[in-house]
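In: Could you work out the structure for the sequence below:
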Amino acid sequence: MEKVSIKDLYHDLENYIDKTVEVSGWIKTLRDSKTFGFIELNDGSFFNNLQIVFNDSLNNFNEICKLTISSSIIVTGKVIKTEGTKQPFEIHADNVEIFNLSDADYPLQKKRHSFEYLRTVAHLRPRTNTFNAIFKIRSVAAFAIHEYFQSNGYVYVNTPIITCADCEGSAEMFKLTTLDLDKPLPQKDGKTDFSNDLFGKKAYITGSGQLHGETFAQAFGKIYTFGPTLRSENSNTKTHANEFWMIEPEIAFCDLEELMNIEEDCLKYIVRKVLERCPEEIAFCDKFIENGLIEKLTKLINSNFTKIDHKEVIDILKKADRKWEFEPEYGEDLAKEHEKYITEYFNGPVFVKNWPKDIKSYYMKVNSDGKTVAAVDLEVPGAGEIMGGSQREENYDRLFARMKEMNIETEPLYWYLDLRRYGSVIHSGFGLGFERLLMYITGMENIRDVIPYPRTPNNCDF
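Out: Down below sits the predicted model:
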């Protein structure tokens, strides 16, 4: 007798027909009558359940009939083909061993639960169909990301979680200290004195792995990071979380044009692999979360991404025959309504490039016009911005001047500036928020529902 998973049975059914096997898992539903009953079993290996048929020939028949949802059992029985029915096969049980009887107050009974309620039982929600699908897709997408970069010659780099480098602005970074916060903090020159802190100076939890990633790109040519990122902004929108995961490649000898091609290729690869490897989960999301999801993702894979300057986008928005909640302006960021309009205008994904320098970061290369930087955001239909990148400033004097202009302390970042002194090259990189990507792929509307344990303002449960 062979111990098998439900995935084994679905993927290699003909090899198991009329054979006796052992399966184990958790009860999703149970229906019984006087002489027989049906159990829907899932073991986590496959999205679809396995039907177990049992009858009163079993010596613990009455005990089985009283099993509660989420009870764990081990079943031995014959695999029977069931052509013309909802399920292609079922197991006729010869023995059902009850491993654990779930308490009757199990919070996830057979009814529809709101996503808000399921967040309050985040330790149990992966057992629901919705979150079983979401987190399987998350796993497959993460593997596809590593697969894409590894197969294209990138080196995976683990950048530090603890840092003294200010990349995206210290106002959005969590401060890290071992000083006793229940006592008056030591002072020096009217400011907190961190000289006796663990690291001897002010430290943060990273808001980006980009700066450290650039140092490795200057050695390996192509690198990527993929790990947790933390931002302290007090935002309660559906697309913001204080802890999330980021993919950040850095590529030497790569300008903005080539970067956009890499972004497009990377995104299409990930989406394609999820469609190929999660057909049941994506079909579920298409039916219950976002109707037309498969069509949307398939269209993205087959689309030609538009490339257009920020100024041209504003021109189009200003000429649009509609009233805006936020009026589009040449020197400002795009609002959600603008992103939505521009992807509808071009009927597909849009690279918005060459942004006003005053609203972008110090490390981005200033263009020859002196007014814009070689930055790019990728806007996709239905989700807005999903990737952001830029060509980095490779010239020491220009980068130093830009840092001074934007009041960025240069001394703590001497090592970052050093990259421009020791064999500097044209180089570029982008950031892809993993959870925002997952929202796009699954159709989920809230970032809290694509990360196992969301960390948002006033929410640090579990």
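In: Tell me where the stretch 101-250 of the chain has helices.
Out: For the stretch 101-250 of the chain, the helices defined by DSSP state H, counting those that start in this stretch cover 115-119, 129-151, 210-220.
In: what's the closest of those helices to residue 95?
Out: Closest to residue 95 of the helices of the stretch 101-250 of the chain is helix 129-151 (Cβ to Cβ; 27.0 Å). No exception for glycine: its C-beta is placed from N, CA and C like everyone else's.
In: Residue 391: how many residues sit nearby?
Out: When neighbours are defined as other Cβ atoms under 10 Å, residue 391 has 25 of them.
In: Torsion angles phi and psi at it?
Out: phi -80, psi 130 (degrees, to the nearest 10).
In: and the nearest residue to it once chain neighbours are set aside, helix, strand or coil?
Out: Excluding its sequence neighbours, the residue lying closest to residue 391 (Cβ to Cβ, 6 or more residues apart in numbering) is residue 374, at 3.9 Å. Under DSSP: H, G, I helix; E, B strand; the rest coil, residue 374 falls in the strand class.
In: For residue 235, give me the pLDDT.
Out: pLDDT for residue 235: 87.
In: and what of residue 84?
Out: Residue-level pLDDT assigned to residue 84 equals 77.
In: thinking again about what came up before, who's in contact with the residue nearest to residue 391?
Out: Residues counted as contacts of residue 374 (Cβ atoms under 8 Å, 6 or more residues apart in numbering) are 255-256, 353-354, 364-367, 390-391, 428.
In: In helices only, show me those.
Out: residue 256 (DSSP state H).
In: and of the contacts of residue 374, the nearest to residue 21?
Out: When the contacts of residue 374 are compared against residue 21 (criterion: Cβ to Cβ), the nearest one is residue 428, at 53.1 Å.
In: Next up, the contacts around the residue nearest to residue 89 when sequence neighbours are not counted.
Out: Closest residue in space to residue 89, ignoring its immediate chain neighbours: residue 81 at 5.3 Å, by Cβ to Cβ, 6+ apart. Counting by Cβ under 8 Å, 6+ apart, residue 81 touches 13, 17, 88-89.
In: again, 10 Å this time
Out: With contact set as Cβ atoms under 10 Å, 6 or more residues apart in numbering, residue 81 has these partners: 13-14, 16-18, 88-90.
In: Could you measure from it over to residue 19?
Out: Separation of residue 81 from residue 19 (Cβ to Cβ, to the nearest Å) stands at 11 Å.
In: Can you show me the helices along the stretch 251-400 of the chain?
Out: Counting by DSSP H, counting those that start in this stretch, the helices of the stretch 251-400 of the chain are 256-277, 279-288, 293-301, 310-319, 336-346, 396-405.
In: pLDDT wise, what is residue 171 at?
Out: Residue 171 carries a pLDDT value of 65.
In: quick revisit: can I get the buried part of the contacts of residue 81 as one ChimeraX selection?
Out: To isolate the buried subset of the contacts of residue 81 in ChimeraX, counting by 16 or more other Cβ atoms under 10 Å, use the following:
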select :16,89,90
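In: so which two of the contacts of residue 81 are the farthest from each other?
Out: Taking Cβ to Cβ as the measure, the contacts of residue 81 span a maximum distance of 15.2 Å, between 14 and 90.
In: burial of residue 108, as a residue count?
Out: 16.
In: oh, I was asking about residue 98
Out: Residue 98, neighbours per other Cβ under 10 Å, totals 15.
In: Let me see the contact set for it.
Out: Counting by Cβ under 10 Å, 6+ apart, the residues that residue 98 touches are 27, 60, 63-64, 66-67, 71-74.
In: One more: residue 139?
Out: Residues near residue 139 by Cβ under 10 Å, 6+ apart: 277-278.
In: how near is it to residue 439?
Out: Counting by Cβ to Cβ, the gap from residue 139 to residue 439 is 16 Å.
In: In this structure, where is pLDDT below threshold?
Out: Within the chain, the stretches with pLDDT under 70 are 165-171.
In: mind redoing it with 80?
Out: Across the chain, residues meeting the criterion (pLDDT under 80) sit at 1, 84-85, 164-172.
In: What residue in it is the furthest from its centre?
Out: No residue in the chain sits farther from the centre than residue 57, which is 48.8 Å out by Cα atoms, centre = their mean.
In: Who are the contact partners of that one?
Out: 35-36, 93-94.
In: Which of those residues are buried? Put it as a ChimeraX command.
Out: Only the buried members of the contacts of residue 57 enter the following ChimeraX selection, criterion being 16+ other Cβ under 10 Å:
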select :36,93
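In: From the contacts of residue 57, pick the one nearest residue 295.
Out: Closest to residue 295, out of all of the contacts of residue 57 and judged by Cβ to Cβ, is residue 93, at 40.8 Å.
In: Pull the helix or strand harbouring the closest one out as PDB, backbone CA atoms only.
Out: Per DSSP states H and E, residue 93 falls inside strand 89-100. Taking C-alpha atoms only, strand 89-100 is exported to PDB below (Å, rounded to 0.1, in the frame of the first residue of the first chain):
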ATOM      1  CA  PHE A  89     -12.300   9.900  -9.000                       C
ATOM      2  CA  GLU A  90     -12.900   9.100  -5.400                       C
ATOM      3  CA  ILE A  91     -11.600   6.800  -2.700                       C
ATOM      4  CA  HIS A  92     -13.800   4.100  -1.100                       C
ATOM      5  CA  ALA A  93     -12.500   3.900   2.400                       C
ATOM      6  CA  ASP A  94     -11.500   0.600   4.000                       C
ATOM      7  CA  ASN A  95     -10.300   2.300   7.100                       C
ATOM      8  CA  VAL A  96     -10.600   5.800   8.600                       C
ATOM      9  CA  GLU A  97      -8.300   6.700  11.500                       C
ATOM     10  CA  ILE A  98      -9.200   9.800  13.400                       C
ATOM     11  CA  PHE A  99      -6.100  11.600  14.300                       C
ATOM     12  CA  ASN A 100      -7.600  14.700  15.900                       C
END
